[in-house]
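Novice: quick one, structure for this:
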Amino acid sequence: MRDKPYVGEVGYSELAAHPEALDQLRNEMRLDGWHDTQQLEQFLTHLGQAASAMLFKCTVCGTHLAYTDSS
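Specialist: Below is the predicted model of the structure:
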């Protein structure tokens, strides 16, 4: 039986347990225009309050990835 790719909605503390997903999310957000590092980190550390991230796990390699609609 294969794992399900969608893990669920997470806040910062759950996301921090998967540093590869947190780094991937930071990089994606920078590409989307979040150039102020302090503002980006403020947003990320408050995930789970006003916004949340969706955590996924690759069913092939097990790497975690995250997505948030930060627009």
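Novice: okay, CA-based contacts and neighbour counts for the rest of this
Specialist: Fine.
Novice: got the residue ranges for the helices in this protein?
Specialist: Under the criterion DSSP state H, the chain contains helices at 12-16, 19-31, 37-45.
Novice: roughly how far is the longest one from the heart of the chain?
Specialist: Helix 19-31 has its C-alpha centroid displaced from the chain centroid by 7 Å (Cα atoms, centre = their mean, to the nearest Å).
Novice: and if you look at stretch 13-21?
Specialist: In terms of Cα atoms, centre = their mean, the centre of stretch 13-21 is found 7 Å from the chain centre.
Novice: gap between the two ends of that stretch?
Specialist: One end of stretch 13-21 sits 12 Å from the other (Cα to Cα, to the nearest Å).
Novice: what's in contact with that stretch?
Specialist: For stretch 13-21, the external contacting residues (Cα atoms under 8 Å, 6 or more residues apart in numbering) are 22, 53, 55, 63, 64, 65, 66.
Novice: so who does the first one touch?
Specialist: Applying Cα under 8 Å, 6+ apart, we find residue 22 in contact with 15, 16, 65, 66.
Novice: so how far is residue 46 from it?
Specialist: With distances taken as Cα to Cα, residue 22 is found 13 Å from residue 46.
Novice: residue 64: how many residues sit nearby?
Specialist: Around residue 64 there are 20 other residues, counting by other Cα atoms under 10 Å.
Novice: cool, residue 27 as well?
Specialist: Using other Cα under 10 Å, residue 27 has 12 neighbouring residues.
Novice: rewinding a little: need the contacts of residue 22 in JSON lines with distance to residue 31 and neighbour count, can you?
Specialist: Output for the contacts of residue 22, formatted as JSON lines (distance: Cα to Cα, whole Å; neighbours: other Cα atoms under 10 Å):
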{"residue": "15", "distance to residue 31": "19", "neighbour count": "26"}
{"residue": "16", "distance to residue 31": "20", "neighbour count": "15"}
{"residue": "65", "distance to residue 31": "16", "neighbour count": "23"}
{"residue": "66", "distance to residue 31": "15", "neighbour count": "24"}
